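Quick one, fold the following:
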Amino acid sequence: MKNWKKLALTSTFAAALLVTSGVPNAFASTATPAAPQASAQAEVKKDSKYESRLDAIIARGYIRVGTPGDYKPFTYLNPETGEFEGYDIDAMKELAKSLGVEVRFVQTSWPTLMSDLLADKFDIAAGGVTRNTDRQKKAFVTEGYIQFGKAPLIRAEDKDKYKTIEDINKPSVRIGLNPGGTNETFVRTYLKNATVTMVENNLDIPGLVANGTYDVMITDTLEAMVYEKADPRLYAALTDNPFTKSEKAYMIQRGDFIFASYLDVWMDEMKLQGKFDELYHKWLK
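Sure thing, here's the model as predicted:
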């Protein structure tokens, strides 16, 4: 036993000597040190005083909400009032109320939504954000709060003309498309043969379909129904049987379990108390 203890002490001393002398140490760990970079949690906190972004929001007294402002009925920057309005604008006001803070809306765009979120220009993204795995790879996407699908918004006179992907996927069919979101992803994937024109302002496309400039706008069933209701020249096709099925959600930087957990509980409360139902009837009925 004494010899074993002596050998152990000698080995430990030798290891220490080799490390201090700069000689490679067979007793040292062979694990490769991690590259120096901020952890996901540190990126979220932005301030070591706070354990979570949730704490930082409460301490500063306001939450920053990134929203495009061009996607009715979820987010719309009203040019007459200069204020944001819509389903998710009201929902974010409810979130701020639950936190006991003010809400400040930050305008973003669909092409820059993710990069702006990751650059910390706002705390949460809202405004008809589609829940999908591509976004989850880069950020944290909450549970869904409303279901929808991709469908064509067309002229009422053409309601029997465009019923399938094959009906639309032709060079003779003109599609007006807003860049950067899931509408573009759908069109680029399934409607490669159609004639596609990019339109920077999503709000312009329904009117351009109605006046005959374009034949189809691929959008969400919820948005299509809003435009059909507002303009009798338009028809929201396939709303009961859309091309796809998805959910709307909210998005934050990943790595902050505390903030994400709060959002989960808040959304559950919104559902249990009928708040999401109230918003649905206000903005979609």
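
I'd assumed residue 188 was in contact with residue 169.
No. At 11.9 Å, residue 169 and residue 188 do not qualify as touching, with contact defined as CB atoms under 8 Å. For the C-beta atoms, the positions are set from N, CA and C on the backbone; glycine is no exception.

out of the two, which sits in the busier spot?
More crowded of residue 169 and residue 188, by other CB atoms under 10 Å: residue 169, with 15 against 11.

Enumerate every residue touching that one.
Contact criterion CB atoms under 8 Å, 6 or more residues apart in numbering gives 190-194 as the residues in contact with residue 169.

and what of residue 124?
63-66, 92, 95, 250-252, 263.

and the gap between the closest residue to it other than its chain neighbours and residue 128?
Nearest residue to residue 124 in three dimensions, chain neighbours excluded: residue 252, at 5.1 Å (CB to CB, 6 or more residues apart in numbering). Plainly put, residue 252 is 16 Å away from residue 128 if you go by CB to CB, to the nearest Å.

and those two? which has more neighbours close in?
Neighbour tally, residue 252 and residue 128, criterion other CB under 10 Å: the higher count belongs to residue 128, 26 against 21.

CA atoms of the helix or strand hosting that one as CSV?
Under the criterion of DSSP states H and E, residue 128 resides in strand 124-130. Coordinates of each C-alpha in strand 124-130 appear next as CSV, following Å, rounded to 0.1, in the frame of the first residue of the first chain:
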residue,chain,number,x,y,z
ILE,A,124,-39.0,39.1,-30.0
ALA,A,125,-40.2,38.8,-33.6
ALA,A,126,-44.0,38.9,-34.2
GLY,A,127,-46.4,39.6,-37.0
GLY,A,128,-47.5,36.4,-38.7
VAL,A,129,-44.2,34.5,-38.3
THR,A,130,-44.6,30.9,-39.7
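
From here on, call the first residue 24.
OK, 24 is where the count begins now, so the last one is strand 147-153.

Can you give the contact residues for the very next helix or strand once past it?
Scanning forward in sequence from strand 147-153 by DSSP H and E, the next helix or strand is helix 156-159. Under the contact criterion CB under 8 Å, 6+ apart, helix 156-159 has outside partners 137, 152, 164, 274.

now the next helix or strand after helix 156-159: mean pLDDT?
For helix 156-159, the following helix or strand on the C-terminal side (DSSP H and E) is strand 163-164. The predicted model assigns strand 163-164 a mean pLDDT of 98.

Name the strands paired with the helix or strand just after strand 163-164 and say parallel or antiparallel.
Towards the C-terminus, the helix or strand next in line after strand 163-164, according to DSSP H and E, is strand 169-171. According to DSSP bridges, the neighbouring strands of strand 169-171, each with its direction, are strand 269-275 (antiparallel).

what about the strand it pairs with, distance to the chain center?
5 Å (CA atoms, centre = their mean, to the nearest Å).

can you check stretch 128-145 too?
Distance of stretch 128-145 from its chain centroid, counting by CA atoms, centre = their mean, is 10 Å.
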